[in-house]
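Undergrad: below are the sequence and a predicted model for it; my questions follow.
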Amino acid sequence: MSTARPQVGADGGGILATANEFFHTCMGDHAPGPDERPHDRLISGMRLGRTLLGMVAAVWLVVAYPLSSGREEFVLGKLVELGIACAVLLAGSVIGITAFLAAGTPDRRRAFARRLLGPLVSMLALALGPAVTWLSLRTVKGELVGGEDLMDFFSAIVGRGILCSLLSFVVLVIGWLIGIALLIASVPYTIVTAYVCVTTCFRASDVHQLLPALLSPLLVWSLFAFQVFNGPDVAAPPEVLYTFLLGGPLSVTALSVWEVRRLRGRYGITLRRALGR
């Protein structure tokens with residue numbers, strides 16, 4: 001297959017790529033070969049086109065019609081949707097990868113297990129953001145280490161006095177400034193990492209190419225149910241609103257079906273073959 005080549009570094013960037021490179025160096029690279037994860041430009045282009053079209057449609061809807069609630073509620077709602085998307089995909093990825101491990105032959109199970117590095121790195125990178133945010137908040141509020149704690153610590157070294165108070169004050173100020181900086185950085189980091197995890201399905205393609213196509217419909221239909229239950233974001237006519245709401249899940253589902261068929265017809269990648277059956 002002259003058109004097939006492995007997707008090196010295509011699923012992440014920044015901190016994710018750095019962490020991924022570190023773990024690959026320490027544990028070895030067991031990613032799928034080009035016969036199991038071919039680089040198909042048409043599939044990549046269709047995914048990108050679907051994403052851009054969805055973004056354009058979402059922006060047009062918000063610009064063309066007034067918001068149902070305030071801007072703060074709208075932004076908060078989108079952050080909640082991103083969190084739900086992460087939770088749905090995390091659960092779906094764990095279930096899907098576990099099903100692949102359970103249903104595959106012993107040789108395939110060992111191969112899949114060696115490919116868990118990418119999903120694990122994505123999960124750890126996502127968990128790092130909320131953890132740093134929580135620690136930063138506690139540091140800024142003085143709940144992690146207080147002035148009295150520092151006084152007791154330095155008094156055991158230099159004794160009570162001006163030097164002890166000065167050291168405690170300097171360390172407290174430095175810790176507070178570091179906490180503020182980490183808090184400011186952790187919020188956009190968490191949002192960007194969550195978006196990357198959602199768009200890459202937690203690097204599920206590292207285990208097998210079919211997994212993202214199987215998991216994507218689960219995500220979009222779950223978000224569709226949440227949006228219907230939570231109410232519309234804009235005061236648009238029902239025909240426009242539900243066309244927009246249904247357009248995303250239907251297009252993603254159709255794209256996933258097409259992708260599975262293309263992988264089977266062009267590259268011979270099937271679920272049965274993936275499991276070694």
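TA: That came in fine, so what should we check first? Predicted model only: the values in this text are computed from it and were never measured.
Undergrad: quick one: low-confidence residue ranges for this protein.
TA: Scanning the chain for pLDDT under 70 picks out 1-37, 145-147, 149, 158, 277.
Undergrad: try 50 this time
TA: In the predicted model of the chain, residues 1-13, 16, 22-29 satisfy pLDDT under 50.
Undergrad: all helices for it, in order.
TA: If DSSP state H is used as the criterion, the helices of the chain fall at 15-27, 41-64, 71-103, 106-114, 117-140, 147-158, 162-199, 210-230, 238-267, 271-274.
Undergrad: now mean neighbour count too, for those helices, in JSON lines please.
TA: No exception for glycine: its C-beta is placed from N, CA and C like everyone else's. Shown next, in JSON lines, are the helices of the chain (neighbours: other Cβ atoms under 10 Å):
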{"stretch": "helix 15-27", "mean neighbour count": "15"}
{"stretch": "helix 41-64", "mean neighbour count": "12"}
{"stretch": "helix 71-103", "mean neighbour count": "16"}
{"stretch": "helix 106-114", "mean neighbour count": "15"}
{"stretch": "helix 117-140", "mean neighbour count": "18"}
{"stretch": "helix 147-158", "mean neighbour count": "14"}
{"stretch": "helix 162-199", "mean neighbour count": "16"}
{"stretch": "helix 210-230", "mean neighbour count": "18"}
{"stretch": "helix 238-267", "mean neighbour count": "15"}
{"stretch": "helix 271-274", "mean neighbour count": "14"}
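Undergrad: which phi and psi does residue 40 have?
TA: Here the main-chain torsion angles of residue 40 (degrees, to the nearest 10) amount to phi -100, psi 110.
Undergrad: give the residue farthest from the middle of the protein.
TA: Distance from the C-alpha centroid of the chain, by Cα atoms, centre = their mean, peaks at residue 161 (50.3 Å).
Undergrad: residues in contact with that residue?
TA: Contact analysis of residue 161 by Cβ atoms under 8 Å, 6 or more residues apart in numbering lists nothing.
Undergrad: quick check: it vs residue 167, distance?
TA: 10 Å (Cβ to Cβ, to the nearest Å).
Undergrad: likewise for residue 83?
TA: 41 Å.
Undergrad: likewise for residue 209?
TA: Residue 209 is 57 Å from residue 167, by Cβ to Cβ.
Undergrad: now do residue 89
TA: 47 Å.
Undergrad: any idea which residue sits dead centre in this structure?
TA: In the chain, the residue lying closest to the centroid (Cα atoms, centre = their mean) is residue 197, at 1.8 Å.
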